[in-house]
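Student: Quick one, what's the 3D model for this:
(3 chains)
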Amino acid sequence: MPSAFTRALGFAALLSCLATCQVDAGASDPQEFTQIERGRYLSVLSDCGGCHTAPGGKPFAGGRAIETPFGNVISPNVTPDLETGIGAWSDKQFDAAVRRGIGRTGAHLYPAMPYNAYTMMSHDDVLAIRAYLNSLEPVRNTRDTNTLPFPFNIRSVMAVWNALYFRAGDYKPNPAKSAEWNRGKFIVDGPAHCGACHTPKTQLGGDRADQYLEGANLQGWSAPDITNARATGLGNWTTDDIASYLKSGHNRFTAATGPMAEAVELSTSQMTDDDRTAIAIYLKSLPGKEHASGLAPIDAKVMTAGGAIYRDQCSACHGIEGKGVPYLFPSLVDSTMVRAKDPTTVIRMVLRGARSVGTRGEPTAPGMPSYGWQLDDRQVADVLSYVRNSGGSPAATVDPSDVARVRSETTARSD
Amino acid sequence: MINLRRREFLAGTAVLLFTAATVRAATITGRLPWAPNAGNPPPQVRLGPWEFFSGDEGRAMDALADCIIPPDAETLGGKDAGCAVFVDRQLAGPYGQQEGLYLRPPFQAGAKNQGHQSEKGPAQSYREGLAALDRACRERYGKSFAELSGEDKIAVLTALEKGNLKLEGVDGASFFAQVVKDVQMGLFADPIYGGNRDMSGWKMIGYPGARYNYLDWVNRHNERFPLPPVGMTGNAQWSRS
Amino acid sequence: MARKLPKKDVVIVGFGWTGAIMANELTDEGLDVIAFERGPWRDAPTEFPPGYMQDELRYRVRHELFLRPDQLTFTFRNNMRQTALPIRSWGAFMPPNGVGGGGVHWNGEMWRFLPSDFVLKTHLTERYGAAFLPADMTIQDWGVTYDELEPHYDRFEYLCGTSGTAGNLRGKIQEGGNPFEGPRSRPYPTPAQPQPFSHTLFGKAARELGYKPFPQPSGNLSQAYTNPLGLRLGPCTYCGFCEWFGCSNYSKASPQTTILPYLIRKPNFTLRDKSEVIRINVDRSGQRATGVTYVDSSGEQWEQQADLVILSAYALFNVQLLLHSQIGQPYDPVTNTGVVGRNYTHQTISSVNGFFDSKKFNFNPFIGSGSIGMCVDEFNGDNFDHGPHGFVGGGYVGQVQTGARPIESTLVPPGTPKWGPEWKKAVRDNYLSTVKPGTGVHGSFYSYRDVYLDLDTTYKDRFGRPLMRITMDLKDNEIKQNKFLTDKFAEIIKAMGAEKLAVQYRTAPYDITTYQTTHLNGGAIMGTDPKTSVLNRYLQSWDVPNLFVMGASAFPQNPGYNPTLTVGALAYWSASAIRNQYLRKPGRLVDA
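Tutor: From the prediction side, this is the model:
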C-alpha cells in the first residue's frame, strides 16, 4: 500500500530548507499543459498527496506525521511557497531529493520518502511532477520537527542505509515480457511504491528482497500478500478482480479499508484503466509462496465456539455460509486477508471495526462494527480461527495472545 | 472508546442532552464519519447490592417477583431470574427519574387518555408504593409483605389488583399493574440488564434471543428453530467447553 | 442575537427521507446546499450494529432513537372544550430524531395510494352524493393526480430496491399482486420477500374466502440490490427488529442506505447534525424567506441565509415551524378560516390476535421483517361499495407480523390472569403459536373541521415558545369503518385455524398513550385553493414562494395505506418542479 503507508517504514521526509536559498525556479515551464498534466498523473501514481497533506490541511502543504518504527517523520511542504515549500528549489535539487534521497543542503533524507522506489522514474518524470507542483497555489506552512530518537536523528546514518538498501537507477524494461507487464512492474516498484507496505522489512527498515510483496506488518495493520500465491495472495483473483479493487476499493470478494482505503482513494482509483490492468498483470505474474502445509489440527472446541459466535454475530452481513454479498460485504470464504499469515488486520477489524473506502465507482462505503467491547480475546481468536478454517484453504489458528497484542498495540491509536 | 467514556460519564452524572462536549453539533461533509471503537453498547448490570431499593424494599420486590412469576419445575421464578434486580437497576437509572420526558409545569390532572401527568417518576412511585404495601400488610397481618405466607401474599395482591385493598396515598391497583409490567419485562429483556438470568425467560417461551440471521429458516414452516437463545453478551456456546 | 453564516443557495430543515431526496436533487443542479438535522449522526456500523441493536428494552420500550419530549413535545386534548395537557412521554406516535429521521426506524412498507385517493372529494361526491359525507368532514382533492405522481412513485421504489409483486402493470392485472393498485409502469425492482408460516397461512385462508391476497411491498429487500445511485443494499435476514430499530446489515431502505453515502461525496453538500432550526426567517414583505435561525448543541444561535428554504422535518414539526414563524394564516375552526393546522389526521388501526393450538402450530414468530406480510386490499379506499355501510374510507388488512420481540409479544388468550402461575403457563404455551399482526387493520383517517393543530396557551418549550396543541378525536365514520374492517379481518384469522381470538376495535376517545402508527398527516396541506391549503400542488407555500414544505403534513386527509412511499414520491415531484420550473423562473409556480 502506497500513500500514508510509506511512512511506515520509514522512508521519507524531505529535508526542510531553512537556509538561505538562491532562487532558481527550475527549467520546467510551469505553463506547459502537457507536462503539468503528466506530472499530475505521476503524482497520482506516486500518491504524493497522501503523505504531503496533513489531516484537514491544504493539499501538498505537508505537516503529516509519518509513522515509522523508529519514530515520526513530519512530511514537508511541497507547494511552491518560496520560504516554507519547494518554490526556491532548483530542478536538480528536486530530482536529487525524489530519486536519490538527497536533500537540498546535501543531507540525506529519511527513507520514509520512498526514493528507493521513485528512483525508477526518469529524470523527465520527476521534472513533470515538479511542473505540476509548481502549478499549485503556494501555501505557507512550516513543519514541526521530526521525533526520531538517536541514532536515527543523525541524517548521515542514512548513508549507511543507502549503501545497504538503495540502488539508484531508472526502470530497465524486461524485453522478454509484455509492454503491459513492464508498465505494471514500473508502477508497482516505482511511483506506486507498493513494497513500502507489502514487502517485509529488515530491522533497519530495508526491503527483504526474498519476501517481495508477500505481506508485511506496519502501523498496527498487516498489509497482505499481493503475489499470486493461491492461499494467501491474489491467486484466486482475476486481473479484473484486481483492477476493480484498485479502481473502486471493492470487488466480488473484499473491500479496502485502513491505509489501503486511503491509497485507493488518493491514488489507484484515479489511475487509468490501462495502468490498473498493467498492475494486475504484473502482480499475477509473481508466484509468491504457498504456506498451507504443516498446520496443526484444530481443536474441535475452537471451531464450535467460533462457529457459534460467527452465526450469532457475523452472519448478519457475511452470511451463514461466509460468502458475504459481492461488492458490499466481503466473502470471508474467499478473502485472502482473512487467511493472511499475519492476522493483525483481521483481529484489528473485529476489535475496532473499520469503514471501507467510498469511491465514485462504489460509493456505499459499508462499515464493520467494533466487537472489542463484546468479545474477549479468546472469543475473537476462536471466531477468527473458525473463519480461517471454514471454506477455502485452511490457515493457522489465531491465538488469544495475538488478540491481546493487537488490542494493546492499537489502544492508543486514533485511526 | 470516546463513546464508552461518555456513557460512564452520563451514568455518573445523569446528564443526557446538550452538555457533554462530545455531543457537540458537527459538520458532516465529503465522507461518512468514522472512528474506531465507535458505538454505544449498554453496560452489563453487575450483581451486588441494591442500587435503588432499601433492604426492606428489595425483600418486598423479590417476594413480589416470585408471586408474579412463580418458580416451577421447569423455570426459575421471578426472584431467581433477577427480575427485582432488573427493576432496581432501571429505577436507579434514567427511567426512574423520567429523564428525557417533558417535566415542565403546570402539572394538572387530566383524562386517562391524556397520559401520565405527574412530577413523580417511577422511582418515587415505587418508594411510596412499596412503603404503603408494607404498611397495609402490617395493619392487616402484623407483618411486612415479604414475611407473609404464600397464600396471604396472593390474597393481598389479588385484592390490590381488584381495587379491594386500598393503599394509603397511593393508587394500589395502578401501582401493582406497574410492578407486574416491570417484573415481567425483567423476565424478557436482555440479560445484560440484570433480569432474564441464564435467559430463563427466553428459554421458557422458545425465543432464540438477539440473533440476526434466519435466512435458513424463513422457508422452514412449522419446524422448531434449533439454536438456543443468545444475549448481547453471548451464551455458553461462545466459550470453549 | 444570532450570528450570521455565509449565505447558501438552499437550506434544508430536517434530514430524513425528504431532506435527503431534496438535497440530492438540488445538488445535482449545482446548488450549494446545507441541511440541518436536530438529532445526532447515525449509521449502521456505529449506532445500530448487530452486536447490540436487537435490544427491545432500549429501543422499543425506552425509545432510544426518538426525540426526547424534554426537547420538544405537544399538548393534546380530544375536543375544544377540554384543557390540553402536555404529552410528557410518547405513546400514540413516535417523533423521529437524528440523521435519516423516520427512515431509520420505520418498517419499510412501500404502498402507493389509490388513484381515487388523490381526487377523494370529487370521487366520493360523484359516486355517493355530497349528502353521504358527514357534515363536518373536510376532505378535499390533492391537486395532484396518481398519473402525475406515477413516475415519482417509480423513482422512489427503484431508489429503495422495493421487493414486491406487481398487481397492475400498465393497466394489465397481474396474478399474485394487488389487483386494486393503480397502473405501474414497471414491475418492482426486486421480487417479494419469502413469507413465514403464519403469513402464508393467512394468504391461504384469505384466498379460500374469495379474496386476492398479495405480499406487502417491502423496503426490506428480498435480495441484494444496487440502486440507481450505485449504492448497494444487502438481503434482509429476517431478524425481526425493524420498526423502532435501525437496520444493522444494509437491508432496509433508509436515507443512509439509499442516498447519503452518494450525497455526502458532493462538494456542494453539507450536513450539520444536532442543530435545531427554531424559525424560518422572512423579509419585511412577509413573502420571501431569507433563511433560518438554528440553535446548535451548545445553545448558540446562528442565522443561515439562503435563497430557497426546504422544510422537511416530521409532519408535526413542519406545521409547528410554520406557526412559530408566522408563515400562513393559522387555522381557526370556529370561523373556519385560515389554513395552517387544518386537516390534521392520523391512521385508524386495530388488530386481531389469534391463538392457535401449540401442538399443531409453531410459527417461529420471531422470524420476520418490518414490512413482511400478506395483505388483502378489497376493503381499502373505495374498492368496495360503501352505500350499504354508512361510512367512507377503508384500509388494507393483513398478517403483517414483523417479529415477536418477547416483552411485547408474550400474549395470553383473553381471560387469562395477568400474573401468577396461570399467566406463566399461558405465556409458555402460546408464544410460538400466536398470530400477532401488529397493525393488522390499517385504515384511513379522514379530516374534520374540529380536528386540528394550533399553538397551546399554557405550555412552553425549552426556548419559551408555546407548544403546539393537538385537538383530535375519532369520529363515527372512522369507528364504523374500523368495526367493519376488523370484523372482516377476524374472519380470516379465524379461518386460519385460530382457536381463540383477541379482537381490539379502535374506539373513541382517541388515546394519546397507545401507539397507533407514526403516520400523522395534514396541518400544512396541499391543494388548489389558498383559502383551504397551505401549499400549492408542487408543495410550494402559497404565501412564501421560496419555501417548499415536504412530508405528510401536505396530505389533505389520510388514505388507508402507510404514507412513506407517497411522501417520497411527492418530494421527487416537488423537486422536479423546482428543477424544471422554479429555478428557471423563481416565483409562484401556480397563480393564486
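Student: Tell me where the model's unsure across chain B.
Tutor: B:1-23 (pLDDT under 70).
Student: Pull up the residues of it that are close to chain A.
Tutor: Residues of chain B that fall close to chain A, judged by CB under 8 Å from any CB of the partner chain: B:4, B:31-32, B:34-39, B:41, B:210-213, B:215-216, B:227, B:230, B:232-235, B:237-241. Quick note: C-beta positions are derived from backbone N, CA and C, even for glycine.
Student: In ChimeraX, select just the buried ones from these.
Tutor: To isolate the buried ones among these in ChimeraX, judged by 16 or more other CB atoms under 10 Å in any protein chain shown, type:
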select /B:4,32,34,35,36,37,38,39,41,210,211,212,213,215,230,232,233,234,235,237,238,239
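Student: The residues of chain B next to chain A: which ones sit near chain C?
Tutor: Within these, those near chain C by CB under 8 Å from any CB are B:31-32, B:34-35, B:38-39, B:41, B:210-213, B:215, B:232.
Student: Using the three-state scheme, assign residue A:167.
Tutor: Secondary structure, DSSP: H, G, I helix; E, B strand; the rest coil: residue A:167 is coil.
Student: can you give me the strands in the stretch 1-150 of chain A?
Tutor: If you assign secondary structure with DSSP state E, counting those that start in this stretch, the strands in the stretch 1-150 of chain A sit at A:12-13, A:65-68, A:71-74, A:110-111.
Student: Out of those strands, which gets nearest to chain C?
Tutor: Proximity to chain C, assessed across the strands of the stretch 1-150 of chain A by CB to the nearest CB, is greatest for strand A:65-68 (24.9 Å).
Student: Enumerate the residues of chain A near chain C.
Tutor: Neighbours of chain C within chain A, by CB under 8 Å from any CB: A:313, A:315-317, A:325-329, A:353, A:355, A:358, A:360-371, A:373-374.
Student: Go again with 10 Å.
Tutor: By CB under 10 Å from any CB of the partner chain, the residues of chain A that approach chain C are A:248, A:250, A:312-320, A:324-329, A:353-356, A:358-375.
Student: do you know which of the strands of the stretch 1-150 of chain A lies nearest residue A:92?
Tutor: With CB to CB, the closest approach to residue A:92 among the strands of the stretch 1-150 of chain A belongs to strand A:12-13: 19.4 Å.
Student: For the closest one, what does the pLDDT average out to?
Tutor: Average pLDDT, strand A:12-13: 32.
Student: For the one residue in the stretch 1-150 of chain A that gets nearest to chain C, which non-adjacent residue is closest in space?
Tutor: The minimum distance from the stretch 1-150 of chain A to chain C, using CB to the nearest CB, falls at residue A:59 (13.8 Å). The shortest distance from residue A:59 to any non-neighbouring residue, by CB to CB, 6 or more residues apart in numbering or on different chains, is to residue A:53 (5.0 Å).
Student: Check the burial of that neighbour by counting its neighbours.
Tutor: Residue A:53 sits with 20 neighbouring residues when counted by other CB atoms under 10 Å in any protein chain shown.
Student: Now for it: which residues touch it?
Tutor: Contacts here follow CB atoms under 10 Å, 6 or more residues apart in numbering or on different chains; on that basis residue A:53 touches A:4, A:59, A:60, A:61, A:62, A:63, A:64, A:75, A:78, A:266.
Student: The fourth one contacts residue A:55, correct?
Tutor: No - with contact defined as CB atoms under 10 Å, residue A:61 and residue A:55 do not form a contacting pair (11.8 Å).
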